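A.B. asks: Here is a sequence with its predicted model. Questions after.
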Amino acid sequence: MILIVCAVAKELAFLEPQPHVEILVTGVGPVDAAANVSRALATSPYDLVINAGIAGALPGGPAVGDGVVVAEDAVELDLESGEAIPLPDGLRAHDRAASDLTLVDRIAEQGFATVRGITVSRVTSSDATAARLAARGAQVESMEGFAVLRAAEIAGVPAVQVRGISNRAGDRAAGGWDFAAGTDGLARILDALLATAAPR
């Protein structure tokens with residue numbers, strides 16, 4: 001069984017019911033995403049978790065309407081300077097989570113771009129913030145990606161994140177916000193992923 005996770009139901013309105021797929025709508029943001037995915041994985045067995053939704057493209061990232069697979073997602077869990085938080089006993093905060101590499105490679109072979117993501121708790125609305133996040137190596141931003149991947153990692157369930165690009169992150173007036181284009185890109189890559197990951 002495949003669990004497809006989205007923040008709001010409208011992101012997956014295009015998806016036809018499939019017998020081997022369940023949909024979980026978590027609500028917006030990393031806390032609700034992590035909590036709801038963790039609960040689902042603790043109460044039912046799943047073979048794969050797919051985080052599917054729209055995302056904003058950071059400078060140098062993909063175009064509005066593209067479908068992309070997020071190979072690695074990060075969260076800003078560090079000092080404001082970007083240095084690691086000093087923790088006792090050599091501990092390090094978990095600030096990165098990865099999609100299943102086999103599925104990333106399969107989707108990339110079909111012509112979809114592979115990108116790095118960053119999970120934010122607020123939508124970027126200035127060019128300065130967009131540039132700062134891009135300087136960290138991120139190409140897209142979402143509000144749930146890291147949380148879903150990390151929850152699946154802790155549960156020991158393979159996971160992959162796919163996104164449709166709905167806007168350019170930064171100044172909202174110039175962002176080219178287009179929900180329909182974002183979901184069109186998402187539909188294309190999610191269809192390809194489900195064809196690849198479907199039980200045989």
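C.D. replies: Sure, I can see it.
A.B. asks: tell me which residues in stretch 146-164 are buried?
C.D. replies: Of all the residues in stretch 146-164, those buried under the rule 16 or more other CB atoms under 10 Å are 146-152, 157-164. Heads up, the C-betas are built off the backbone N, CA and C, glycines and all.
A.B. asks: Filter the residues you listed down to the ones in strands?
C.D. replies: 159-164 (DSSP state E).
A.B. asks: okay, and the helix or strand of the chain with the least pLDDT?
C.D. replies: When the helices and strands of the chain are scored by mean pLDDT, DSSP states H and E, helix 127-135 comes last with a mean of 91.
A.B. asks: what is the rounded mean pLDDT of the helix or strand just after that helix?
C.D. replies: Sequence-wise, the next helix or strand downstream of helix 127-135 (DSSP states H and E) is strand 140-142. Strand 140-142 comes out with an average pLDDT of 96.
A.B. asks: Leaving out sequence neighbours, find the closest residue to the residue most central in space within the chain.
C.D. replies: The centre of the chain sits closest to residue 145, judged by CA atoms, centre = their mean, with a distance of 3.3 Å. Residue nearest to residue 145 in three dimensions, not counting chain neighbours: residue 73, with 4.1 Å by CB to CB, 6 or more residues apart in numbering.
A.B. asks: longest helix of this protein?
C.D. replies: Ranked by residue count and defined by DSSP state H, the top helix of the chain is helix 179-197.
A.B. asks: for it, the distance to its chain's centre please.
C.D. replies: With CA atoms, centre = their mean, to the nearest Å as the basis, helix 179-197 stands 13 Å off its chain's centre.
A.B. asks: Extract the C-alpha trace of it and format it as PDB.
C.D. replies: Included here for helix 179-197 are C-alpha records, laid out as PDB according to Å, rounded to 0.1, in the frame of the first residue of the first chain:
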ATOM      1  CA  PHE A 179      -1.900  27.000  -8.700                       C
ATOM      2  CA  ALA A 180      -3.200  25.300 -11.800                       C
ATOM      3  CA  ALA A 181       0.200  25.200 -13.400                       C
ATOM      4  CA  GLY A 182       1.600  23.800 -10.200                       C
ATOM      5  CA  THR A 183      -0.900  21.000 -10.000                       C
ATOM      6  CA  ASP A 184      -0.500  20.200 -13.700                       C
ATOM      7  CA  GLY A 185       3.300  19.700 -13.100                       C
ATOM      8  CA  LEU A 186       2.500  17.700 -10.000                       C
ATOM      9  CA  ALA A 187       0.000  15.500 -11.900                       C
ATOM     10  CA  ARG A 188       2.600  14.700 -14.600                       C
ATOM     11  CA  ILE A 189       5.300  13.600 -12.200                       C
ATOM     12  CA  LEU A 190       3.000  11.800  -9.800                       C
ATOM     13  CA  ASP A 191       1.500   9.800 -12.600                       C
ATOM     14  CA  ALA A 192       5.000   8.800 -13.700                       C
ATOM     15  CA  LEU A 193       6.000   7.900 -10.100                       C
ATOM     16  CA  LEU A 194       2.900   5.800  -9.500                       C
ATOM     17  CA  ALA A 195       3.500   3.900 -12.700                       C
ATOM     18  CA  THR A 196       7.000   3.200 -11.500                       C
ATOM     19  CA  ALA A 197       6.200   2.400  -7.900                       C
END
